[in-house]
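Participant: From the sequence below, what's the structure:
(4 chains)
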2 protein chains.
Amino acid sequence: MKRQVIPAAKPVRWLNNHEWSAWLHLMATFTLLPAAIDSQLEREAGMSHFEFGVMAALSRQPGRRLQLKDLAVVANGSLSRLSHVISRLERQGWVRRMSGANGRATNAELTDKGYSKLMKAGPIHFAEVRRLVFDVLTPEEVKELRRVTSRINAALIPETNLGPLARRTRAGALRQSS
Amino acid sequence: MKRQVIPAAKPVRWLNNHEWSAWLHLMATFTLLPAAIDSQLEREAGMSHFEFGVMAALSRQPGRRLQLKDLAVVANGSLSRLSHVISRLERQGWVRRMSGANGRATNAELTDKGYSKLMKAGPIHFAEVRRLVFDVLTPEEVKELRRVTSRINAALIPETNLGPLARRTRAGALRQSS
DNA sequence: CTGAATAAGTTGAAACGTCAAGTTATTCCA
DNA sequence: TGGAATAACTTGACGTTTCAACTTATTCAG
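Facilitator: Got it, this is the predicted structure:
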């Protein structure tokens, strides 16, 4: 049986067997793990993982507030997506918008209600993360995972277009949390 | 009656620094890599990564056809999602539905048009995968990646509910490709 | 053999993300 | 100083995914 999945028609460098296998596993993890995390968080804490990420990012800022453009970057989302999400979070009373430093800036601020919601969600979320990821890996593997993903990100982030702004902003915005 | 003197501050095992850092990177990769892959494939080959996966899976089957329930499993998607996607692919003329063995089974079959479309998409896709993932990793790291993700999947898949059928079907359906 | 339970798909509505277009504020520079 | 360009959003429409409900076929118990 031929190991190559799709016969290479053209003189293109194909994936070798190791790579192909790695890719299959990686894609499965990509698909299944976020789905699992997300649906558990939705069920048991009433928020999506992206919403959790946004609120968690806010909670770590001085004054629990951050300008949307920066928040978009730390949350790995587009400004548009963030704007929609902030609207949803506002409707729940977990976040409020405040006009920022200069007139075109908008800050999102985590409310007390949002903070306590987040405090309840945190343990639920991290217990699941631990169960699904860290409990099945050795400490050595955790290090490998960190190293490999950070390498991939390093190559990926510079060319990510979360708007042309991301490139500049990301470095500063992430500095404190890496 | 139990008197609780001091409220438990952190009754939950938290993530340690290594784990937290690994988790941040993992989540970023989760978010950014599929988005990058997907949008490039959409732009340059006119299909989503999920559609590509579905068609690639079909192309490997004898007769280039597979029953939907099995296809759903190998594509890591729900039956409902798959049904919608097959409808789209049918509209493009890349796949057709055929009634399967027993009356309630439906097979999806890759058409010639679909096959040649796939052959064009393959190199485009894999070049990008290589560029974003394998070119930035050492062979050693590729092995680590494979090992770590396959471990995570092993724990994850058994409890995945892509319908109660997944558990049984997956083992058989995946056997040939691992 | 008959009715109940389950399996396999389909479908429509609601929720979410993306994309393009629109708004307002700020900066640039001639 | 006065446009033009750009930045920081917001909004609405569109496509996709999920969820629940529904159909039809098959299996199983008695």
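
Participant: Next one: the residue in chain A that DNA strand C sits nearest to, what pLDDT does it get?
Facilitator: As assessed by C-beta to the nearest atom of the strand, DNA strand C sits closest to residue A:103 within chain A, at 2.6 Å. C-beta here means a position set from N, CA and C on the backbone, and glycine is covered the same way. For residue A:103, the model assigns a pLDDT of 85.

Participant: Mind checking what secondary structure it has?
Facilitator: Secondary structure state of residue A:103, per DSSP: H, G, I helix; E, B strand; the rest coil, is coil.

Participant: For it, give me its contacts.
Facilitator: By C-beta atoms under 8 Å, 6 or more residues apart in numbering or on different chains, the contact list for residue A:103 is empty.

Participant: which stretches of chain A form helices?
Facilitator: With DSSP state H as the criterion, chain A has helices at A:17-45, A:49-59, A:68-74, A:79-92, A:112-132, A:139-156, A:165-175.

Participant: can those helices go into a markdown table with extra columns for mean neighbour count?
Facilitator: Shown next, in a markdown table, are these (neighbours: other C-beta atoms under 10 Å in any protein chain shown):
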| stretch | mean neighbour count |
| --- | --- |
| helix A:17-45 | 19 |
| helix A:49-59 | 22 |
| helix A:68-74 | 23 |
| helix A:79-92 | 16 |
| helix A:112-132 | 17 |
| helix A:139-156 | 18 |
| helix A:165-175 | 15 |
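
Participant: how about those helices in TSV, adding distance to DNA strand C and mean pLDDT?
Facilitator: Listed next are these as TSV, based on distance: least, C-beta to the nearest atom of the strand, whole Å; pLDDT from 0 to 100:
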stretch	distance to DNA strand C	mean pLDDT
helix A:17-45	8	91
helix A:49-59	5	95
helix A:68-74	10	96
helix A:79-92	4	97
helix A:112-132	15	94
helix A:139-156	14	94
helix A:165-175	13	38
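
Participant: and residue B:143, which of those helices is closest to it?
Facilitator: Closest approach to residue B:143 among the helices of chain A (C-beta to C-beta): helix A:17-45, 6.7 Å.

Participant: ok, residue A:93 - how many residues close by?
Facilitator: Residues contacting residue A:93 under the criterion other C-beta atoms under 10 Å in any protein chain shown number 12.

Participant: Report pLDDT for it.
Facilitator: According to the prediction, residue A:93 has pLDDT 96.

Participant: what sits against it?
Facilitator: By C-beta under 8 Å, 6+ apart, residue A:93 lies in contact with A:111, A:113-114.

Participant: Please tabulate those residues in CSV, including the columns distance to residue A:157.
Facilitator: Putting these into CSV (distance: C-beta to C-beta, whole Å) gives the following:
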residue, distance to residue A:157
A:111, 31
A:113, 33
A:114, 28
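
Participant: Which of these sits closest to residue A:42?
Facilitator: Nearest to residue A:42 among the contacts of residue A:93, with distances taken as C-beta to C-beta, is residue A:114, at 16.7 Å.

Participant: Tell me how many other residues crowd the closest residue in space to the closest one that isn't next to it in sequence.
Facilitator: Spatially, and ignoring its direct neighbours in sequence, residue A:114 is nearest to residue A:94 (3.2 Å; C-beta to C-beta, 6 or more residues apart in numbering or on different chains). Using other C-beta under 10 Å, residue A:94 is surrounded by 23 other residues.

Participant: Which residues are in contact with residue A:94?
Facilitator: Residue A:94 sits next to A:55, A:110-111, A:113-114, A:117-118 when contact means C-beta under 8 Å, 6+ apart.

Participant: quick one, what contacts the spatially closest residue to residue A:26 that is not a sequence neighbour?
Facilitator: Distance criterion C-beta to C-beta, 6+ apart; nearest residue to residue A:26, sequence neighbours excluded, is residue B:149 at 5.1 Å. Residues near residue B:149 by C-beta under 8 Å, 6+ apart: A:22, A:25-26, A:28-29.

Participant: swap in residue A:150?
Facilitator: residue B:25.

Participant: Now do it against residue A:61, distance only.
Facilitator: According to C-beta to C-beta, to the nearest Å, residue A:150 and residue A:61 sit 23 Å apart.

Participant: Ok, residue A:16 next?
Facilitator: 45 Å.

Participant: neighbour count winner among those two?
Facilitator: residue A:61 (18 against 14).

Participant: right, and residue A:153 touches residue B:31 too?
Facilitator: No. Using C-beta atoms under 8 Å, residue A:153 is not in contact with residue B:31, being 9.8 Å away.
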